[in-house]
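A.B. asks: Let's see this in three dimensions:
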Amino acid sequence: MITEIATFELASPADLSDPSSTTRSTICAFLTAVLATDGGARAAYFGQSAENPDTVILFIDWDSTDAHHRFLASPTHDDLASPVLAIMNRTSPSQIIHLPPISHALLGEQADINVTEVLFYYFPSSLTDEDIAAIDVRMDVLRPSLESSEAKGVFEGWAEEEDVVFQGLRGEERCKVWVHVVGWEDMAAHGRMVGGEKFEDSREMVMGMHDLKGMVMLHTALVKV
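C.D. replies: Numbering: from 1, shown residues only. Sure, this is the predicted structure:
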């Protein structure tokens with residue numbers, strides 16, 4: 001089992017927390033149809049970024065990355081995806097990555113998790129195994145501040161992909177991606193952690209890594225399909 005995380009931009013503003021939203025209905029219908037196929041999709045969640053509501057994020061569990069790729073190449077995908085493509089801002093690149101399975105508790109199925117934080121850290125695709133091991137060690141400095149905070153759970157790991165497009169200061173770059181997914185009771189709990197001295201010291205150490213090309217953070221209240 002793996003978890004796909006996909007993000008894309010909406011062509012027009014929409015409130016996905018509103019059950020009457022046609023955009024929400026379009027996304028729900030697509031994910032429901034994907035789960036109903038025999039393509040290997042097992043669970044799906046969606047939401048929008050609190051920081052930028054035009055950004056939609058999807059979490060989909062698949063039997064394997066190969067199963068997802070086979071589905072993407074199938075005529076069934078093309079038929080089902082057409083309405084979603086119509087609501088997407090096609091001038092802004094979407095992102096699809098695959099990770100080890102992410103606990104559904106972090107995606108809102110645990111009663112005291114109402115906000116899911118997702119952080120994408122972008123590194124050069126040319127990283128060696130030694131580079132990756134060194135980054136893993138540096139990322140460990142964030143763990144104490146998370147463990148002593150009000151975080152309800154944490155996932156961390158590398159995406160399978162080695163050529164994810166990141167638009168940085170030097171233009172478009174191909175990257176590997178380290179991902180954090182953190183469950184919070186609310187945004188205030190997250191705010192109390194980032195306001196602490198321990199977190200700020202750890203953050204400066206991570207953000208100071210010379211190989212780091214950039215980071216994207218978003219918070220969302222996910223809806224299970």
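A.B. asks: Let me see the domain layout of the chain.
C.D. replies: Per automatic domain parsing, the structural domains of the chain span 2-99, 111-224.
A.B. asks: Sheet-wise, list the partners of the longest strand along the chain with their directions.
C.D. replies: The longest strand of the chain (DSSP state E) is strand 171-184. Strand 171-184 sits in its sheet next to strand 115-124 (antiparallel), strand 153-158 (antiparallel), strand 164-168 (antiparallel), going by DSSP bridges.
A.B. asks: Which residues does the second one contact?
C.D. replies: Which is strand 153-158. Strand 153-158 has contacts (Cβ atoms under 8 Å, 6 or more residues apart in numbering) with 99-100, 102-103, 105-106, 110, 113, 132, 139, 143, 146, 176-183. Bear in mind the C-beta positions are built from the backbone N, C-alpha and C, glycine included.
A.B. asks: ok, which stretches of this structure are strands?
C.D. replies: Ranges of strands in the chain, per DSSP E, are 2-9, 41-48, 55-62, 95-99, 115-124, 153-158, 164-168, 171-184, 214-220, 223-224.
A.B. asks: for the chain, where's the lowest mean pLDDT among helices and strands?
C.D. replies: None of the helices or strands of the chain scores lower by mean pLDDT, DSSP states H and E than helix 197-207, at a mean of 74.
A.B. asks: buried ones in it?
C.D. replies: Across helix 197-207, burial judged by 16 or more other Cβ atoms under 10 Å covers 199, 202, 206.
A.B. asks: Stretch 182-194 now?
C.D. replies: Quick answer for stretch 182-194 (16+ other Cβ under 10 Å): 182-185, 189-190, 193.
A.B. asks: Let me know the average pLDDT across that stretch.
C.D. replies: Across stretch 182-194, pLDDT averages out at 93.
A.B. asks: Same check on stretch 13-22?
C.D. replies: Stretch 13-22 shows a mean pLDDT of 97.
A.B. asks: how far does that stretch stretch from start to finish?
C.D. replies: In stretch 13-22, first residue to last residue: 11 Å (Cα to Cα, to the nearest Å).
A.B. asks: And for that stretch, what's in contact with it?
C.D. replies: Outside of stretch 13-22, the residues that reach it under the criterion Cβ under 8 Å, 6+ apart are 23-24, 27, 46-48, 53-54, 56, 87, 221, 223.
A.B. asks: now it, how far from the chain's geometric center?
C.D. replies: Averaging C-alpha positions (Cα atoms, centre = their mean, to the nearest Å) puts stretch 13-22 20 Å from its chain's average.
A.B. asks: right, and S94 touches I5 too?
C.D. replies: No. Using Cβ atoms under 8 Å as the test, S94 is too far from I5 to be in contact (11.1 Å).
A.B. asks: Who has more neighbours out of these two?
C.D. replies: Ranked by neighbour count (other Cβ atoms under 10 Å), S94 and I5 place I5 first, with 20 against 15.
A.B. asks: Spell out which residues sit in contact with the spatially closest residue to that one that is not a sequence neighbour, please.
C.D. replies: Leaving aside its chain neighbours, I5 sits nearest to I97 (5.4 Å; criterion: Cβ to Cβ, 6 or more residues apart in numbering). By Cβ under 8 Å, 6+ apart, the residues touching I97 are 4-6, 159-161, 164, 177, 179.
A.B. asks: Of these - the most surrounded one?
C.D. replies: V177 (23 neighbours).
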